[in-house]
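> Need coordinates for the following:
(chains A, B, C and D)
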Protein chains: 2
Amino acid sequence: MITTRDIAERLGISVSTVGRALADDARISEETKFRVRQTASEMGYVGNRAARMMRGASSNVVALVIPDIRNSFYSTIAHELSKNMAAEGFQLMLSETDDDRMVELRHLRELSANRVAGVIIVPTARPHSESVKLLRAVPHLQLLRRHPSLGSQWFGVDDREALRRATAHLVALGHTRIAYLGGPEELPTGAERLSGFRAALEEGGLADDAGRAELGPPSSVHHGREAVRRLLQEPAAPTALVLGSIQLTLGVLEELSAQGVKVPGELSVVGFGDEPGFSWWGPGLTTIGLPIQEMATSCALWLLRRLKNEPENDGPYTSVSPGSLILRGSTAPVDGKVPSKPS
Amino acid sequence: MITTRDIAERLGISVSTVGRALADDARISEETKFRVRQTASEMGYVGNRAARMMRGASSNVVALVIPDIRNSFYSTIAHELSKNMAAEGFQLMLSETDDDRMVELRHLRELSANRVAGVIIVPTARPHSESVKLLRAVPHLQLLRRHPSLGSQWFGVDDREALRRATAHLVALGHTRIAYLGGPEELPTGAERLSGFRAALEEGGLADDAGRAELGPPSSVHHGREAVRRLLQEPAAPTALVLGSIQLTLGVLEELSAQGVKVPGELSVVGFGDEPGFSWWGPGLTTIGLPIQEMATSCALWLLRRLKNEPENDGPYTSVSPGSLILRGSTAPVDGKVPSKPS
DNA sequence: ATGAAAGCGCTAACAA
DNA sequence: TTGTTAGCGCTTTCAT
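Have a look, this model is predicted:
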């Protein structure tokens, strides 16, 4: 590897002159600058960031800590972040936790050792106390999920409202046996979504037993299949189903297709997220659309501002974007009852 | 940030003793080791990798350079790599090129400055000469696409054979007007796939004008929609269509759904890749299944071996996994002609 | 306009 | 068993 010293020796000048020339220092003559740059490029010199960091320069790496990049939810976020970060000269480090707090901890240790400039994290349900400590030493930002111990900087969607609207839609269609299938309550998002589901039932004047909530691993397609199979076999099977995660939605759609369940005839379904393919599933999936792209972009911009400006831009910040219900063909009035329209 | 020196001062010992204790050096007494580790953890010490790198340690970062992480093709690869790398203590850096050679170059410059331990790259059509030079200085590996200037280490699928089989399937069904929609010929994969398409036509005894190839940006859903719309409007519209990229497939499926084209009645379709949702599109999409997961895993293991063992493990290596045709409902004999079966 | 020297945090050769 | 010292590549005083 070529160093500034190699260049200096080649040109018979000192390393500091080389350093200054490459940094375009005002005190160096144009001629020297030119010769230095010339030789540097000839010799294939590439500055050593590790050395710069030792002199106090900060890393240009920002880490994204998420459960699983295969979830298109997260890959959209990763893309948006990567794009915005790259535009400002930052690189993106990808750390997958698989929703395991120990894996999360190991990653954070590594990121910390690498002195990353910032961290954007979708935390696991209950982060390890060492993780909390590690994060305190680096500018960070929570995404989607929000854990109080990790600070007050957070970007996410209004999960409660999203589920409330979705459920309210089913209530308005006359359904009285509505099931919800979502992530565990210990996940902040899981709790929020469940709460929105329940709120809508209550506002619709439905008794508590009208709603049936089935919670489980949020990123398990398999669990989605299992759960919906179980639901449909119950004596008083629900006539409508709201989902609370993308992966669960994928599983449910697969299973409903496989079993040949008539949607919305036998069952009305509201999905979560809007993946490619949701629009062409059966009659078209009515689903909760999430503004993840916008969320990721503003999150990136916020962190960038924090990194480039005075680091004292540290006040609490919280952004909530609302989801929107995308109406397609998978929901209908219960038992062929037609909603009253002005005629 | 806590340094070894801080620990040393606190304990009234020398930095080298601290360093050795943390490195579990045999010459340090168990008692000292214990006290050092104790204080280190108390003080929240995290080793500085930049400093270690200056002492000759290698980075624990491996970079993945791909066009776009949103393509589930690549996110699957990223996941598989990340998993395998993390298991060996490596972190994954994500660099998106958007298939732009200048963006690719910028990323490689950064990666080089960061002295990453290795690079796994899906190169752009014609990488910049500086990119080539930069890559020569770091252990690297090409994925899927293969550019001669970037060395002979490559992992990928047999694109030609995959398209040949897919096309042959349509030929066997009696189609004589078959269109292919794929990426540009300047991309190695584009050329291979097109060649497989043509080979199948020839082997099927079809005249050259039986096949119609439409090439364009491979990761543009939009282009897929446009292209298929154009194809269907032609006077002698094809009766069958083979796709050569996931994104194009997504676009085509959307457009066919939107236009209400009868598949396989009016048009037989063979997709590329097997995304979630392809199985429930219309009659189920017959498609080319790719063993990306296995490919990514073996690619990760190979690079790891290269990084951990003697770096002289540098011989040419090439792995080709074959794709497999997944038969579902979107292909049928042309014009209702039934293929002869033994009755 | 340029050079010499110190030091960032760590490890390893050399002493004791 | 522990301490001292040098040096990785770079930037930044302080000198010239």
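
> Would you quantify the distance from the nearest residue to residue A:145 once chain neighbours are set aside to DNA strand D?
Distances taken as C-beta to C-beta, 6 or more residues apart in numbering or on different chains place residue A:188 nearest to residue A:145, at 4.8 Å, with adjacent residues excluded. In short, each C-beta sits where N, CA and C put it, glycine included. Per C-beta to the nearest atom of the strand, to the nearest Å, residue A:188 is found 42 Å from DNA strand D.

> check which helix or strand covers the residue positioned nearest the centre of chain A.
The centre of chain A sits closest to residue A:74, judged by C-alpha atoms, centre = their mean, with a distance of 4.6 Å. Element membership of residue A:74 [criterion: DSSP states H and E] is helix A:72-87.

> for residue A:302, same thing?
Using DSSP H and E, residue A:302 falls within helix A:292-308.

> Make sure I have this right: residue A:93 is in a helix.
No - using DSSP: H, G, I helix; E, B strand; the rest coil, the secondary structure at residue A:93 is strand, not a helix.

> wait, doesn't it sit right on residue A:111?
Yes - in this structure, residue A:93 is within contact of residue A:111 by C-beta atoms under 8 Å, at 6.7 Å.

> now the angle between helix A:292-308 and whichever helix or strand comes after the helix holding residue A:302, please.
For helix A:292-308, the succeeding helix or strand toward the C-terminus, using DSSP H and E, is strand A:317-321. Per axes from the mean of the first three to the mean of the last three C-alpha atoms, to 10 degrees, the angle that strand A:317-321 makes with helix A:292-308 is 160 degrees.

> Extract the C-alpha trace of strand A:317-321 and format it as PDB.
The C-alpha trace of strand A:317-321 is given here as PDB (Å, rounded to 0.1, in the frame of the first residue of the first chain):
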ATOM      1  CA  TYR A 317     -37.200  14.300  18.100                       C
ATOM      2  CA  THR A 318     -40.000  12.200  17.100                       C
ATOM      3  CA  SER A 319     -41.600  11.900  13.700                       C
ATOM      4  CA  VAL A 320     -44.800  10.000  13.000                       C
ATOM      5  CA  SER A 321     -46.100   9.400   9.500                       C
END
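
> and the very next helix or strand once past it, anywhere near chain B?
Using DSSP H and E, the helix or strand that follows strand A:317-321 towards the C-terminus is strand A:324-326. No - Strand A:324-326 lies out of reach of chain B by C-beta under 8 Å from any C-beta of the partner chain, never closer than 14.9 Å.

> remind me which residues of chain A are low pLDDT?
For chain A, the stretches with pLDDT under 70 are A:310-314, A:336-343.

> Quick one: residues contacting the residue in it that chain B sits nearest to.
Closest residue of chain A to chain B, C-beta to the nearest C-beta: residue A:277 (2.5 Å). Contact analysis of residue A:277 by C-beta atoms under 8 Å, 6 or more residues apart in numbering or on different chains lists B:253, B:275-278, B:280-281.

> Identify the farthest-apart pair in the residues you listed.
Using C-beta to C-beta, the contacts of residue A:277 span at most 12.7 Å, a distance reached by B:253 and B:276.

> Between those two, which is the more surrounded one?
residue B:253 (29 against 20; other C-beta atoms under 10 Å in any protein chain shown).

> my guess is the more buried one is in a helix, correct?
Yes - under three-state DSSP, residue B:253 falls within a helix.

> Bridged to residue A:215, which residues?
Beta-bridge partners for residue A:215, by DSSP bridges, are residue A:182.

> Next, count neighbours for it.
Using other C-beta under 10 Å, residue A:215 has 20 other residues around it.

> Was I right to think it contacts residue A:184?
Yes - counting by C-beta under 8 Å, residue A:184 is a contact partner of residue A:215 at 5.2 Å.

> shared neighbours of those two, which are they?
Shared contacts of residue A:215 and residue A:184 (C-beta under 8 Å, 6+ apart): residue A:190.

> about what we covered before: thought the residue nearest to the centre of chain A was touching residue A:122?
Yes - assessed by C-beta under 8 Å, residue A:74 is found in contact with residue A:122 at 7.3 Å.

> Could you tell me which residues touch both of these two?
Residues touching both residue A:74 and residue A:122 (C-beta under 8 Å, 6+ apart): A:66-67.

> quick one on the thing from earlier: tell me how far the helix holding residue A:302 is from the chain's mean position?
12 Å (C-alpha atoms, centre = their mean, to the nearest Å).

> got a list of contacts for that helix?
With contact meaning C-beta under 8 Å, 6+ apart, helix A:292-308 is reached by A:58, A:62, A:73, A:76-77, A:79-81, A:83-85, A:88, A:90, A:117-118, A:120, A:139, A:141, A:143, A:153, A:155-157, A:313-314, A:317, A:319, A:321.
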